[in-house]
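In: Predicted model and sequence below, questions to follow.
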Amino acid sequence: MPTLSTRVVRRLLEHLPADGEDLTREVQDLRITLVGSLGRRPASSARRKTRAKRETKREATRRIRAAVANRAGLECECGCGRWFRGVGGEAQLDHFEGKARNESAESCWLIRADCHEWKTRNSPSASHWLKLFVRHCDRHGYAEQARRTRDRLAFVEARELLTKP
């Protein structure tokens, strides 16, 4: 049976005889099918594609997380020198450029939860965290990522100079 909108199904049900009346087998089957279709939405191809795309992204993030964890070992990659243990020591994957822009092992680092919170708040400053990430990229040989981050750093530093009172 083709997929029908809820409005169309309700209209069809209005024109069918009520349950208590004498119904033919075909009308009874149609009524059961129509009433059953009101409670559930059929999976559209768009939703299936969205689910598949989401699962593909999750799998990519799992692979990236494993590669970054292997690279980091047990130490925070921001350069603070602290280990992943104790209060605030939970390891968190930080997508430095954001997940939507460029998700790769080169654009991510594993940092402590407290460092991640400070980075998110730009504390002490955005330029501070950009410099740390440039140093991280240089340490691991990610030249292209380091170049992009240096460009962003130049912009942020210029903006900071312009907005100083």
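Out: Alright, I've got the coordinates.
In: Could you use CA atoms for every contact and neighbour count after this?
Out: Fine.
In: show me the contacts for residue 135.
Out: Residue 135 makes contacts with residue 146, as judged by CA atoms under 8 Å, 6 or more residues apart in numbering.
In: May I have the secondary structure class of it?
Out: helix (DSSP: H, G, I helix; E, B strand; the rest coil).
In: likewise residue 160?
Out: Judged by three-state DSSP, the three-state class of residue 160 is helix.
In: Please renumber the chain so that the first residue is 215 from this point on.
Out: All set: I'll call the first residue 215, so the last point we hit is now residue 374.
In: Based on its surroundings, how many neighbours for it?
Out: By other CA atoms under 10 Å, the residues close to residue 374 number 14.
In: What residues of the helix ranked longest in the chain count as buried?
Out: When the chain is parsed with DSSP state H, its longest helix is helix 259-286. Neighbour counts over helix 259-286 (16 or more other CA atoms under 10 Å) mark 275, 278, 279, 281, 282, 283 as buried.
In: of all these, which comes closest to residue 323?
Out: Checking those against residue 323 with CA to CA, the nearest one is residue 282 at 6.4 Å.
In: Next one: that closest one from residue 264, what distance?
Out: Separation of residue 282 from residue 264 (CA to CA, to the nearest Å) stands at 27 Å.
In: From the buried residues of helix 259-286, pick the one nearest residue 260.
Out: Nearest to residue 260 among those is residue 275, at 22.5 Å by CA to CA.
In: Just give the nearest non-adjacent residue to that closest one, would you?
Out: With CA to CA, 6 or more residues apart in numbering as the criterion, residue 275 has its nearest non-adjacent residue at 7.9 Å, and that residue is residue 317.
In: and the one you found, how many neighbours?
Out: Residue 317 has 17 neighbours, counted by other CA under 10 Å.
In: Perfect, that will be all.
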